[in-house]
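Need a 3D model of the following:
(chains A and B)
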Amino acid sequence: GNSVTQMEGPVTLSEEAFLTINCTYTATGYPSLFWYVQYPGEGLQLLLKATKADDKGSNKGFEATYRKETTSFHLEKGSVQVSDSAVYFCALYNTNAGKSTFGDGTTLTVKP
Amino acid sequence: NAGVTQTPKFQVLKTGQSMTLQCAQDMNHEYMSWYRQDPGMGLRLIHYSVGAGITDQGEVPNGYNVSRSTTEDFPLRLLSAAPSQTSVYFCASSSHRGATEAFFGQGTRLTVV
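From the prediction side, this is the model:
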């Protein structure tokens, strides 16, 4: 079946530090990959996505590259801000399954 | 567009009471789902639907019922509330066409006492 494994949290960084949150997946076929962000008290919202191998998704300074050979989709940001404090979810959508599969989420706290 | 609308935002129930959490989307999405989010547990799928008249169980369906009579609406019913159902509930919708990103509602925070 499909599964998503995320780097365990919580992660605490100082402002302007480099961020990496690891994500690996198991799926049949060619899934689409996503990162969602959840700010306190809100629902999840799409941060970025990639639909095929070697695609790079980017938004708000965050990037992730679809690596089929390592089945990974790691999230990176060069310089985090306090406003980036949130929970980040890696997810995949596989047409074979007809539904999304989410990782457990990683809580990021950025301190000034 | 309103996107995905959930009501109510907050609810307190007594053990044994029943209630319905409402979810509506205005994007003509085929796929809708309900999740619960508990501390340290991520998102757990309760029920989902791939279209009007079609529903299926997720990983934690016990104690919940759903129906999908229209494309827009996907209510979640708690039959007899239990303290273990205290959680934050999210409804989501997506399309089978395109990149199929999920759109989430703002959530319902439910407390069962």
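
just the strands in chain B please.
Ranges of strands within chain B are B:4-7, B:10-13, B:19-25, B:31-38, B:42-51, B:54-57, B:64-66, B:76-78, B:87-94, B:103-104, B:108-112, based on DSSP state E.

can I get the ones you listed in TSV with mean pLDDT and distance to chain A?
From N, CA and C alone the C-beta is placed, and that goes for glycine too. Below are the strands of chain B laid out as TSV (pLDDT from 0 to 100; distance: least, CB to the nearest CB, whole Å):
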stretch	mean pLDDT	distance to chain A
strand B:4-7	96	8
strand B:10-13	97	11
strand B:19-25	97	11
strand B:31-38	94	7
strand B:42-51	92	4
strand B:54-57	94	9
strand B:64-66	97	14
strand B:76-78	98	15
strand B:87-94	95	6
strand B:103-104	94	4
strand B:108-112	97	9
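
For those, give me a markdown table that also has mean neighbour count.
Below are the strands of chain B laid out as a markdown table (neighbours: other CB atoms under 10 Å in any protein chain shown):
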| stretch | mean neighbour count |
| --- | --- |
| strand B:4-7 | 18 |
| strand B:10-13 | 14 |
| strand B:19-25 | 19 |
| strand B:31-38 | 23 |
| strand B:42-51 | 20 |
| strand B:54-57 | 14 |
| strand B:64-66 | 19 |
| strand B:76-78 | 18 |
| strand B:87-94 | 24 |
| strand B:103-104 | 22 |
| strand B:108-112 | 18 |
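
So for residue A:53, which of the ones you listed sits nearest?
strand B:87-94 (21.7 Å; CB to CB).

mind listing what that closest one pairs with, with the direction of each?
strand B:31-38 (antiparallel), strand B:103-104 (antiparallel), strand B:108-112 (antiparallel) (DSSP bridges).

I'd like those strands laid out as JSON lines, including distance to residue B:70.
Formatted as JSON lines, those follow (distance: least, CB to CB, whole Å):
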{"stretch": "strand B:31-38", "distance to residue B:70": "11"}
{"stretch": "strand B:103-104", "distance to residue B:70": "17"}
{"stretch": "strand B:108-112", "distance to residue B:70": "20"}
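
The residue nearest to residue B:54 when sequence neighbours are not counted: neighbouring residues, count only.
Leaving out its chain neighbours, the residue that sits closest to residue B:54 by CB to CB, 6 or more residues apart in numbering or on different chains is residue B:68, at 6.6 Å. Counted with other CB atoms under 10 Å in any protein chain shown, residues neighbouring residue B:68 total 19.

got the residues of chain A near chain B?
Within chain A, the residues that sit near chain B (CB under 8 Å from any CB of the partner chain) are A:32, A:34, A:36, A:42-46, A:49, A:51, A:89, A:91, A:93, A:95, A:98-100, A:102-105.

Among these, name the ones in helices.
Among these, none falls in helices (DSSP state H).

Just the buried ones from the residues you listed?
When the residues of chain A next to chain B are checked for burial by 16 or more other CB atoms under 10 Å in any protein chain shown, the buried set is A:32, A:34, A:36, A:43-44, A:46, A:49, A:51, A:89, A:91, A:93, A:99-100, A:102-105.
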